[in-house]
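Q: how would this look folded up:
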Amino acid sequence: MVEEQNLYEIALTKLPGVGGQLARLLVSYCGSPQAVFTSPAGKLLKVPGIGNKLVQSITAGGRAALLQAEDILKQAQEQDVQVLFYTSEKYPDRLKQLPDAPILLYFKGNGNLNTRRIISMVGTRQITSYGQAITEQIIADLVPYNVLVVSGLAYGVDIVAHRAALQAGLSTIGVMASGPDVIYPAVHRKYAERMLTQGGLLTENPFGTKPDAPRFPARNRIIAGMSDCTIVVEAALKSGTLITADIAHSYDKEVMAVPGNLTSPVSEGTNYLIKTNKAAVYTSVQDLVELLNWDLEDAAAAKKQAKQLFQPDDFTAEEWKVVDVLLQSREEHMDNLSWKAQLPVSLLASVLLGLEFKGVIKAKPGKKFALIR
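A: Down below sits the predicted model:
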């Protein structure tokens with residue numbers, strides 16, 4: 001059943017004259033990719049933007065498209081490549097919302113394309129020792145946040161980011177401008193193979209596709225679209241990297257840039273992005289954390305987890321007042337506890353002692369108290 005579904009999904013991309021937006025419209029009106037091929041001409045003509053010429057193209061080209069799809073599906077099965085239609089649960093949700101997102105992706109690997117936090121890293125192919133050191137430091141600083149690192153498998157910043165992520169134990173995705181069976185540049189094959197067990201390789205191009213120049217800007221929109229923020233490490237003033245930053249802006253995605261040496265050609269692009277307010281400045285991981293509100297998210301998650309550990313029924317009414325205050329702030333001075341919990345100091349002292357005996361709180365220097373768990 002899944003194979004048949006994949007067959008029609010792939011075939012839809014092979015219909016002459018049917019692009020991504022029109023394919024979505026056809027699926028929306030017909031109900032499924034398969035229904036597009038089986039619907040009568042009269043029904044297809046009711047779809048906005050569909051005329052007799054296109055209906056003829058769909059009905060006449062359907063068989064050829066399905067034959068092409070069979071070949072592609074066979075290759076995908078042989079090479080353990082997943083075919084992700086835009087309606088698939090595994091398709092990147094962040095990308096799915098964008099108007100020019102590919103309707104079909106080919107993915108090989110074990111990474112989660114919808115993991116909680118995804119950062120893309122891009123930059124020059126002529127990376128300097130400064131750029132390499134900064135890229136490696138950024139990746140190292142991202143480890144506590146369990147980030148998925150996305151880049152383009154190219155020379156320079158891309159491969160340094162992938163390599164650093166692999167070494168740090170982070171999952172990393174290489175978005176390619178070629179088919180899923182064409183690793184470019186070939187010299188990065190050993191890293192690409194490692195990524196299959198610690199992330200993966202992603203492309204919109206079918207098997208055998210060569211990485212022609214026009215495919216790189218298209219590849220860049222996937223890199224920008226599937227992440228929460230694009231970090232530009234080093235870039236010349238006129239480069240494809242700045243195009244990626246512009247694409248991210250058009251998607252209302254966050255962009256950060258690492259400031260560089262004023263005399264370095266590969267810092268002109270990043271400094272320009274910062275100067276023109278097209279990118280937030282990146283000086284440490286804290287800049288990223290605050291930009292994306294990760295600190296607030298983590299605090300809220302910790303608070304929720306703590307509330308699950310402590311239940312009102314496990315405490316007296318007075319004890320719960322104290323615990324509830326500490327759930328909000330984690331640590332409080334005794335005087336603050338008294339007025340926040342609305343308990344007189346004389347009663348509070350005995351309540352705190354009881355909670356200490358239960359192993360719920362601990363006393364700290366300066367008459368402060370904090371939750372243990």
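
Q: Helix or strand with the lowest mean pLDDT in this structure?
A: Using mean pLDDT, DSSP states H and E, helix 294-309 stands out as the lowest-scoring helix or strand of the chain, at a mean of 72.

Q: What's the first helix or strand after it?
A: Sequence order places helix 317-329 as the next helix or strand after helix 294-309, per DSSP states H and E.

Q: I would like the residues contacting that next one, please.
A: The contact list for helix 317-329, computed with Cβ atoms under 8 Å, 6 or more residues apart in numbering, reads 303, 306-307, 310, 312, 315, 332, 337, 340-343, 347-348, 351-352, 354-355, 360-361, 369-371. Just so you know, the C-beta spots here come from the backbone N, C-alpha and C atoms, and that holds for glycine as well.

Q: Show me where the stretch 51-200 of the chain has its strands.
A: Ranges of strands within the stretch 51-200 of the chain are 82-85, 104-109, 118-122, 148-151, 172-175, 199-203, based on DSSP state E, counting those that start in this stretch.

Q: List the contacts of residue 368.
A: With Cβ under 8 Å, 6+ apart as the criterion, the residues that contact residue 368 are 331-334.

Q: What separation do you get for it and residue 330?
A: Going from residue 368 to residue 330 by Cβ to Cβ, to the nearest Å gives 11 Å.

Q: try residue 219
A: 45 Å.

Q: Between these two, tell me which one has more neighbours.
A: A side-by-side neighbour count of residue 219 and residue 330, using other Cβ atoms under 10 Å, places residue 219 first with 23 against 13.

Q: Can you point out the buried residues in whichever strand or helix holds that one?
A: Of the helices and strands defined by DSSP H and E, residue 219 is found in helix 215-225. Residues 215-216, 219-225 are the ones in helix 215-225 that count as buried (16 or more other Cβ atoms under 10 Å).

Q: do you know which of the strands of the stretch 51-200 of the chain lies nearest residue 296?
A: Each of the strands of the stretch 51-200 of the chain has some distance to residue 296 by Cβ to Cβ; the shortest is strand 118-122, at 17.5 Å.

Q: what is the rounded mean pLDDT of that closest one?
A: Strand 118-122 comes out with an average pLDDT of 98.

Q: Contacts only, for residue 127.
A: 135, 155-157, 160, 233-234, 266 are the contacts of residue 127 under Cβ under 8 Å, 6+ apart.

Q: any idea which of those residues is the one closest to residue 189?
A: Using Cβ to Cβ, these come closest to residue 189 at residue 155, 13.5 Å.

Q: my guess is that closest one contacts residue 184, does it?
A: No - counting by Cβ atoms under 8 Å, residue 184 is not a contact partner of residue 155; they are 10.4 Å apart.

Q: So for those two, which residue has more residues nearby?
A: Neighbour count, other Cβ under 10 Å: between residue 155 and residue 184, residue 184 has more, with 18 against 15.

Q: residues touching that one, list them.
A: For residue 184, counting by Cβ under 8 Å, 6+ apart, the contacting residues are 153, 176-178, 211.

Q: Can you name the residues that contact the nearest residue to residue 76 once chain neighbours are set aside?
A: In space, and not counting its chain neighbours, residue 76 is closest to residue 83: 5.5 Å by Cβ to Cβ, 6 or more residues apart in numbering. Going by Cβ under 8 Å, 6+ apart, residue 83 touches 6, 9-10, 72-73, 76, 104-106.

Q: Show me the beta-bridge partners of residue 83.
A: residue 106 (DSSP bridges).

Q: separation between it and residue 234?
A: 35 Å.

Q: Then residue 162?
A: Plainly put, residue 162 is 16 Å away from residue 234 if you go by Cβ to Cβ.

Q: for residue 108, same thing?
A: 29 Å.

Q: who has more neighbours, those two?
A: Taking neighbours as other Cβ under 10 Å, residue 108 and residue 234 compare with residue 234 leading, 31 against 20.
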